[in-house]
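Visitor: from the sequence below, what's the structure:
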Amino acid sequence: MNPKQMILRCYAEKKDGIWLAFCIDLNLAVQGETRDEVRAKLQRQIGSYLYDALEGEDKKYATQLLSRKAPIIFRAKYAFYKILINFYKAKNGINHIFNETISLTSHKV
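Guide: Residues are numbered from 1 along each chain as shown. As a prediction, this is how the structure comes out:
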């Protein structure tokens, strides 16, 4: 991994007709109409979050903000979806896992 990048684990799931996306490494979540929409929203939210934590008004709390993991249930869902998707090779089902690669040198939104 490039030392100037951070790889964040994320997943999206469709529940009751609404897509939800989660970043389990920063405990962030968004919702939207489509999988692509929630992925884009989550990417923007991650960028804003990292900017605030590293350069913005929350800079003094960076250590806590950058080590804020999601509750175990969300991390377990990510692991379950990863196993399920790998086992069944179901890439377009009702759930989707993905990584967001964030450049730590240009994280301003």
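Visitor: for the rest of this, base every contact and every neighbour count on C-alpha atoms.
Guide: Fine.
Visitor: just give me the longest helix of the protein.
Guide: Counting by DSSP state H, the longest helix found in the chain is helix 35-54.
Visitor: what does the helix or strand following that helix contact?
Guide: Following helix 35-54 in sequence order, the next helix or strand is helix 62-65 (DSSP states H and E). Helix 62-65 is contacted from outside by Leu26, Ala53, Leu54, using Cα atoms under 8 Å, 6 or more residues apart in numbering.
Visitor: hmm, 7 Å instead?
Guide: Ala53, Leu54 (Cα atoms under 7 Å, 6 or more residues apart in numbering).
Visitor: run the chain-centre distance for the next helix or strand after it.
Guide: Downstream of helix 62-65, the next assigned helix or strand under DSSP H and E is helix 72-88. Mean C-alpha position of helix 72-88 versus that of the full chain (Cα atoms, centre = their mean, to the nearest Å) differs by 14 Å.
Visitor: before we move on, back to that, output the contacting helices and strands for the longest helix of the chain.
Guide: strand 18-23, strand 28-32, helix 62-65 (3 or more Cα pairs under 7 Å, 6 or more residues apart in numbering; DSSP states H and E).
Visitor: may I see the buried residues of it?
Guide: 35, 37-39, 41-43, 45-54 (16 or more other Cα atoms under 10 Å).
Visitor: got the contact list for the closest residue to Tyr61 other than its chain neighbours?
Guide: Spatially, and ignoring its direct neighbours in sequence, Tyr61 is nearest to Ala53 (6.7 Å; Cα to Cα, 6 or more residues apart in numbering). Counting by Cα under 7 Å, 6+ apart, Ala53 makes contact with Lys59, Tyr61, Ala62, Leu65.
Visitor: one more: Ala21?
Guide: When contacts are counted by Cα under 7 Å, 6+ apart, Ala21 is found next to Tyr11, Ala12, Glu13, Ala29, Val30, Gln31, Val38, Arg39, Leu42.
Visitor: I'd like the residues you listed laid out as JSON lines, including distance to Ile97.
Guide: What follows is the contacts of Ala21, written out as JSON lines (distance: Cα to Cα, whole Å):
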{"residue": "Tyr11", "distance to Ile97": "4"}
{"residue": "Ala12", "distance to Ile97": "6"}
{"residue": "Glu13", "distance to Ile97": "9"}
{"residue": "Ala29", "distance to Ile97": "14"}
{"residue": "Val30", "distance to Ile97": "14"}
{"residue": "Gln31", "distance to Ile97": "15"}
{"residue": "Val38", "distance to Ile97": "12"}
{"residue": "Arg39", "distance to Ile97": "10"}
{"residue": "Leu42", "distance to Ile97": "13"}
